[in-house]
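> below are the sequence and a predicted model for it; my questions follow.
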Amino acid sequence: MAFVSDLLGSLGDPKIGKHLLREEGEVVVDEVVHHWFAYTRPALELALSLVLLVCSWFVSVQVAWFLIIVAAGLMLHAGWGWLAVLRDRFVITNMRVFRVHGVLSQSLATMPLSRILDISVKKPLHGRMLGFGHFCFESAAQEQGLRDIRYVGRPDDRDLAIQRVVQRAGLRGPRVPN
């Protein structure tokens, strides 16, 4: 059983540490994994595939093969979706924010704190009830892989963490009282 948990842990680990600038003093402030709600689509696909497998027991052999093939395809797609969500990480450091994602090939998008102009936090109704939201980053360069970060758990806390890091880095002036 330990082998299975080790295998799943290594499959889901995008190895954030290798992207840090440790010699420059970069440290992780927060590593954001997706909220559990991001796994609902793969879970529903898996449930549908299990229903198809059960239905295959009660139909003729010619139809059963078709249902089994469709169920297997759905299971593979659900597993791929689950792994894609698991390997998608958003990281806040004392110097920048970056996102690592991808299953077979890995993509890295990074933005220095000085380039963050605005962060919008969108919380749909079901997100407010379940505790997740979506980040939308505005920067000087609009085409980047960090524009939309979806299914962020505790989005208000994460937004405040980013604002604190930006403030501590001295990238924004002190607030002027009204």
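Nice, I can see it.
> any idea how far the longest helix along the chain is from the middle of the chain?
Looking across the chain with DSSP state H, the single longest helix is helix 61-86. Distance of helix 61-86 from the chain centroid (CA atoms, centre = their mean, to the nearest Å) equals 23 Å.
> could you do stretch 73-92 as well?
Distance, centroid of stretch 73-92 to centroid of chain: 9 Å (CA atoms, centre = their mean).
> and that stretch, which residues are buried?
Burial within stretch 73-92, assessed by neighbour count using 16 or more other CB atoms under 10 Å, is assigned to 74-75, 78, 81-83, 85-92. Just so you know, the C-beta spots here come from the backbone N, C-alpha and C atoms, and that holds for glycine as well.
> export the residues you listed as TSV, with columns for distance to residue 126 and pLDDT.
As requested, these are exported to TSV (distance: CB to CB, whole Å; pLDDT from 0 to 100):
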residue	distance to residue 126	pLDDT
74	24	97
75	26	97
78	21	97
81	19	96
82	20	95
83	24	94
85	17	95
86	21	93
87	24	92
88	20	93
89	23	92
90	20	92
91	26	93
92	25	92
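> ok, so of those, who is nearest residue 28?
Of all these, residue 28 sits closest to residue 91, with 6.0 Å by CB to CB.
> and that closest one, what is it in contact with?
16, 19, 28, 30, 31, 32, 97, 98, 99, 100 (CB atoms under 8 Å, 6 or more residues apart in numbering).
> what subset of these is buried?
19, 32, 97, 98, 99, 100.
> got the CA positions of stretch 90-98 in PDB?
Extracted C-alpha coordinates of stretch 90-98, given in PDB (Å, rounded to 0.1, in the frame of the first residue of the first chain):
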ATOM      1  CA  PHE A  90       0.200  28.100  -8.400                       C
ATOM      2  CA  VAL A  91       3.100  29.300  -6.200                       C
ATOM      3  CA  ILE A  92       3.600  32.600  -4.400                       C
ATOM      4  CA  THR A  93       7.100  33.400  -3.400                       C
ATOM      5  CA  ASN A  94       8.800  36.400  -1.900                       C
ATOM      6  CA  MET A  95       9.900  37.400  -5.400                       C
ATOM      7  CA  ARG A  96       7.300  36.300  -7.900                       C
ATOM      8  CA  VAL A  97       4.200  34.200  -8.600                       C
ATOM      9  CA  PHE A  98       4.400  31.200 -11.000                       C
END
